[in-house]
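Engineer: Generate coordinates for the sequence data below:
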Amino acid sequence: MNFRFALLALSIAGCREVPGASSGDPEAGLADAPAPDATTLDAPALDAGVDASTDAESGTPIDVSPTGCTAPDVADLIRALRAPRPAGVSVVAAPGLRFDDLRARFDASPDAVTILARARTTARRTVPTLAAGDSASYQTVASLALAAALVAWHDRDATAAHTALQSLAATAVAPAWFARAVEVPIYVGASLVDLAAAADLLSVAPLTPAEIEMARVYVGRAAAGTEAWLQSGGLIFMAFHQDNHGMRLGAGLATAAMIAPADAVSDEVLAYALAHMAASMQHQTGGAQGWAEGSTYFEYGFEAAAPALTAIDRAWTGGDTRCARCEHHAFSVCATSAASIVRPSRDRRVLDLVRWSASLETRAGWLHPIDDSRLMGLPAPLLEQLVGAHRYAHWSVDGFTGSLGGSVNVGPLVALALASPELSAREAVLSRWPAAGTARLDATTPSGAPIEAFVIAEHGVANAGAGHERPDTLALTLVVDGALLLGASGYRSYDTRAAYARADANSEITVEGTLPRDLGAGEGGPDAILAADGDGATGSFDRAGVVVTRALAFEAGVLVVRDRVELPDARDVTWHWHMRGSLDDTAWSWAVGTRRCVAEQTGATLTTARETAPDYDDYSRMGMHPVMRQSARLVAGRHELTTRITCSTM
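Structural biologist: Coordinates of the predicted model:
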């Protein structure tokens, strides 16, 4: 089964333009050195692709060298990661902190207490039996283990402690279990983070020393089974998945190695995990030039990776770069030559990914959607602990879709992050990222309501999410007082998303033959460029003589969208405006609750059609939304359309 799976992975990857693309379905503590502040790397340097490498002791973010690794071997880092911690000190659940010191801070955090209450409910569940290969249920059992372990620690609850221990035992499956398993990195890899954190918490729970040791043994067995999967075909799959799959698997193996007995998970497995996470960040970001799979997939990878990277950072000693080798992990980035590993709090890619993610945040706490991303929340406290500073303006345990993880439950880890010592630094959000091809503009409407406009004009790696449709070139989203007023159709599920990935399911411009209406079934839009333009942003693309430009700016709180289409010959051109709420029967005025917007236009003469379309804004909610489609057969030359959108709260 694994052999056939490996051949399938090879055949799929061979057909892809981008071998690292994912096909999976989503979802200050005591740091040795604080993360750099906003002045460390300015936006022009990022956009120009300036090499940010510096001396390891300088405190400035550094990049992985593209010419190979010449730093010290990773062996000393591995020893530090696997070294026994003092009794009562957390390894991965709250890295480097004393569990006893967390209790009072935990009880003083309303969100942490809310998460604990939910964990108490979860901890009362019966531990299910895992059927062979049932990797989807694996993460359910892992989530139960972590929830019960949190209750066992905080409440000194022996019953919850034994539930956690039983859950760990259930996940300690033999290698043969994996023969029928699918999506192992996504489900089992991420689950290992929960299992390692659960065993960490159980080290201070009401269990006997023998039971505490068994918790560590169970984590080791789970990791050993995953390693067996790698060696029987999974390594080939992972060679083509330096992406969210890679982040989740690497994070799981790394945290398991820090908890499990040394003979259960070898040093080389840990080296492989470190190297594959580093390679995944490099591949997906193009060296901090954007995230290739959008906001959902950033969350999906980093909900599990953030605790692991934080634990690695807290245990790190010496210089900021190491070289990892793993010759027994064929096809991997560290099999035939050394791979660079950078200390997370010094890694430009890590810092800028979190900064970029924060730039996508709306007033309501969800993230503007990119490619087949839904409107998602993030486990922001985990990311802020990782980089050592507050980045996000808003976070809630009751976020838009629930901000505690899209797959495994990272809620207990978030609760412990909330109980960690307060972060002293707060960064101003850099909302325009030309290198990543995204920009968020903020203003206040004439009536005093907050308003945000978001535009996508991606290029390079950020436009290369093959398998995650990206017909989002010059796509526009509008949010008023936290509510979506203008955007895309969204996605109901991974397997049925193609129709909603079409270009005409987004608020953008389609041009016959250049950005066709049916774009979206595994295709990406044309490469575009984005530039900061005064207080606004301008994006454009140029393909086969067709040039489309969209400039956004707020003028006295009114969003002004200036579109220009330059054609070499006659083409059918359509503007698509996907609204939410209710549209007036005659006027172009629409409302969502108490928020209302009115649009006025000047420029090209277009024929307007009123339509409706299904919208899927998260995993569960389906509705219908109004659409305005404006089209014309335009002759060769330049055509301009200016749309002024005035919004208010009623």
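
Engineer: For the stretch 501-650 of the chain, which residues score under the pLDDT cut-off?
Structural biologist: Across the stretch 501-650 of the chain, the ranges flagged by pLDDT under 70 are 521-522, 617-621.

Engineer: make that the chain, sorry
Structural biologist: Short version for the chain, where the test is pLDDT under 70: 1-68, 399-407, 466-467, 469-470, 492-495, 521-522, 617-621.

Engineer: try 80
Structural biologist: Counting by pLDDT under 80, the ranges of the chain that qualify are 1-68, 287-288, 371-377, 398-407, 464-472, 490-501, 520-524, 616-622.

Engineer: who's the residue nearest to Ser447 when sequence neighbours are not counted bridged to?
Structural biologist: Of all residues not flanking Ser447 in the chain, Ser648 sits nearest, at 3.7 Å (C-beta to C-beta, 6 or more residues apart in numbering). For glycine as for every other residue, the C-beta is placed from the backbone atoms N, C-alpha and C. Beta-bridge pairing for Ser648 (DSSP bridges): Arg596.

Engineer: Leu249 versus Ser648, what's the distance?
Structural biologist: 48 Å (C-beta to C-beta, to the nearest Å).

Engineer: do the same with Met650
Structural biologist: Distance from Met650 to Leu249, by C-beta to C-beta: 49 Å.

Engineer: cool, and Ala311?
Structural biologist: 16 Å.

Engineer: related to what we said a few turns ago, neighbour count winner among Ser648 and Leu249?
Structural biologist: Leu249 (31 against 19; other C-beta atoms under 10 Å).

Engineer: quick one: which helix or strand includes the more buried one?
Structural biologist: helix 244-259 (DSSP states H and E).

Engineer: what packs against that helix?
Structural biologist: helix 75-82, helix 190-202, helix 209-229, helix 235-239, helix 267-285, helix 294-315 (3 or more C-beta pairs under 8 Å, 6 or more residues apart in numbering; DSSP states H and E).

Engineer: Out of those helices, which is the most enclosed?
Structural biologist: helix 190-202 (a mean of 31; mean count of other C-beta atoms under 10 Å).

Engineer: Off-centre distance for it?
Structural biologist: Distance of helix 190-202 from the chain centroid (C-alpha atoms, centre = their mean, to the nearest Å) equals 21 Å.

Engineer: Let's see it as PDB, backbone CA atoms only.
Structural biologist: Coordinates of each C-alpha in helix 190-202 appear next as PDB, following Å, rounded to 0.1, in the frame of the first residue of the first chain:
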ATOM      1  CA  ALA A 190       0.200  17.400  13.800                       C
ATOM      2  CA  SER A 191      -1.300  15.100  16.400                       C
ATOM      3  CA  LEU A 192       2.200  14.300  17.600                       C
ATOM      4  CA  VAL A 193       2.400  17.900  18.900                       C
ATOM      5  CA  ASP A 194      -0.700  17.400  21.000                       C
ATOM      6  CA  LEU A 195       0.600  14.000  22.200                       C
ATOM      7  CA  ALA A 196       4.000  15.500  23.200                       C
ATOM      8  CA  ALA A 197       2.400  18.400  25.000                       C
ATOM      9  CA  ALA A 198       0.000  16.000  26.800                       C
ATOM     10  CA  ALA A 199       2.900  13.900  28.100                       C
ATOM     11  CA  ASP A 200       4.700  17.200  29.100                       C
ATOM     12  CA  LEU A 201       1.600  18.200  31.200                       C
ATOM     13  CA  LEU A 202       1.300  14.800  32.700                       C
END
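
Engineer: In terms of secondary structure, what does it contact?
Structural biologist: helix 135-155, helix 158-171, helix 209-229, helix 244-259, helix 294-315, helix 411-418.

Engineer: Of all the ones you listed, which one comes closest to Ala604?
Structural biologist: Nearest to Ala604 among the helices and strands packed on helix 190-202 is helix 294-315 (31.2 Å), distances taken as C-beta to C-beta.

Engineer: I'd like the next helix or strand past that closest one.
Structural biologist: Heading C-terminal from helix 294-315 (DSSP H and E), you reach strand 321-324.

Engineer: ok so, going back, among the helices and strands packed on helix 190-202, which comes closest to Asp585?
Structural biologist: helix 294-315 (34.9 Å).

Engineer: Between helix 190-202 and that closest one, find me the angle.
Structural biologist: 40 degrees (axes from the mean of the first three to the mean of the last three C-alpha atoms, to 10 degrees).

Engineer: For Ala613, name its beta-bridge partners.
Structural biologist: His625.

Engineer: For it, give me its contacts.
Structural biologist: Neighbour list for Ala613: Ser489, Ala505, His578, Met624, His625, Val627 [criterion: C-beta atoms under 8 Å, 6 or more residues apart in numbering].

Engineer: Farthest-apart pair in these, please.
Structural biologist: Farthest apart among those - using C-beta to C-beta - are Ala505 and Met624, which lie 13.1 Å from each other.

Engineer: which of those two has more neighbours?
Structural biologist: Counted by other C-beta under 10 Å, Ala505 and Met624 do not tie: Ala505 has more neighbours, with 27 against 9.

Engineer: OK, contacts around the more buried one?
Structural biologist: Taking C-beta under 8 Å, 6+ apart, one finds Pro471, Ala488, Ser489, Ala499, Gly520, His576, His578, Ala613 in contact with Ala505.
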